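Trainee: Predicted coordinates and the sequence they were generated for:
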Amino acid sequence: MELWSSYTLKTRARQLLRGRWVPYLAVTLLFTLIGALVDELLPLLLPDYNAVIGEFLVLYEEAMLSGNLAMISPGNPLLRKVYLYTGISAAATAVFQILVLNVLLIGFLRWLMEARLGQPRISTLFSGFFNGAQWRNVAGIGLYTDIIRTLLLMLFLVPGIIYGYRIWLVPYLLAENPYMPRNRAIELSTALTEGEKLRIFMLELSFIGWAFLAGALNGICSLIAPALGTVIGFIFSLFITAYQFTAFAELYAHMREKAFRMGITDSTELAGFAVE
């Protein structure tokens, strides 16, 4: 069985990106901005959210310094309001993740796979929303896997991490076939990641140096001007995200070939990607 390496995948990713950074960055930017949309909409849902949280943090600091923990007892009206707002915020974030982000991720991955063949349209990013049946399937599978992974992480941690890598390929499989049943997508991902989980983790870990560099660059620029540091850090993170996910797309291409060699799927189930 042909093996893959982080070096080979990242080399292929750089070759794909060479001279094509603009479309990759444009799609990554759009994907990132939509992903951050819930944070921008939250103040509209809870206009005084930031003020309430800020007031609580001041109160908490005073309580810690004075040693008077009664100031932050459960009976405090401000604390009850913080609990309520935090719950609403978490619920809004979860709903947005389930109904929008999980489906948007599928379109993003499909765009990346099509970009290996040519220049796909920006609209591919939103392909998961064009058909009600595939949107329901993708959103439902995303909800199911998110719940299982979260529960495992909360209760057992290590099994939760292992499960996360076990289903690592599910979004890519859905990007190629958004109608694939949940059990089948998990079955294929489980088979293909058998013996590969540690190597996938090492591939992800290989980008950590870039993340540290982005943080350092952000910090240095912030010393000159806070706004400059934020802008530079954001731009650098876009480059890293585009590079990282392009390498991940190369891994899926390898895993897809592996699946065909193993005889566990065929072109009727995974029909490939095409640029119109």
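Mentor: All right, it came through fine.

Trainee: the strands in the stretch 51-200 of the chain, which residues?
Mentor: Along the stretch 51-200 of the chain, no segments are classed as strands by DSSP state E, counting those that start in this stretch.

Trainee: From F156, how far out is I148?
Mentor: 11 Å (Cβ to Cβ, to the nearest Å). For every residue, glycine as well, the C-beta is placed using N, CA and C.

Trainee: neighbour count winner among those two?
Mentor: I148 (15 against 12; other Cβ atoms under 10 Å).

Trainee: and that one, what does it touch?
Mentor: Y163 (Cβ atoms under 8 Å, 6 or more residues apart in numbering).

Trainee: And for T230?
Mentor: With Cβ under 8 Å, 6+ apart, T230 has these contacts: N218, S222.

Trainee: go on, E176?
Mentor: E176 touches R110, M113, R256, L270, A271, G272, F273, counting by Cβ under 8 Å, 6+ apart.

Trainee: Surely the fourth one is in contact with L173?
Mentor: Yes - between L270 and L173 there is a contact under Cβ atoms under 8 Å: 7.4 Å.

Trainee: which of these two has more neighbours?
Mentor: L173 (28 against 17).

Trainee: How about the more buried one, nearest residue that isn't a chain neighbour?
Mentor: Counting by Cβ to Cβ, 6 or more residues apart in numbering, L173 lies nearest to A185, which is 4.9 Å off, once chain neighbours are set aside.

Trainee: residues near that neighbour, how many?
Mentor: 23.

Trainee: Now do it against T265, distance only.
Mentor: Distance from A185 to T265, by Cβ to Cβ: 11 Å.

Trainee: Listing request: residues of this protein with sub-threshold pLDDT.
Mentor: 1-2, 43, 276 (pLDDT under 70).

Trainee: Pick out the residue nearest the middle of it.
Mentor: Computing the C-alpha centroid of the chain and ranking residues by Cα atoms, centre = their mean puts L105 first, at 7.1 Å.

Trainee: Could you tell me which helix of the protein is the longest one?
Mentor: helix 226-262 (DSSP state H).

Trainee: Name the residues of that helix that come out as buried.
Mentor: Within helix 226-262, the residues that count as buried by 16 or more other Cβ atoms under 10 Å are 229, 232-233, 236-256, 258-259.

Trainee: hmm, back to that, any chance of a ChimeraX selection covering the buried ones in the contacts of E176?
Mentor: For the buried members of these, the matching ChimeraX selection, counting by 16+ other Cβ under 10 Å, is:
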select :110,113,256,270,273
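
Trainee: So which of the contacts of E176 are in helices?
Mentor: Judged by DSSP H, helices contain the following of those: R110, M113, R256.

Trainee: you'd agree the first one is up against R121?
Mentor: No - taking Cβ under 8 Å as the contact criterion, R110 and R121 are not neighbours in contact, 10.9 Å apart.

Trainee: before we move on, back to that, and the residue nearest to the centre of the chain, what is it in contact with?
Mentor: By Cβ under 8 Å, 6+ apart, the neighbours of L105 are F31, G142, P171.
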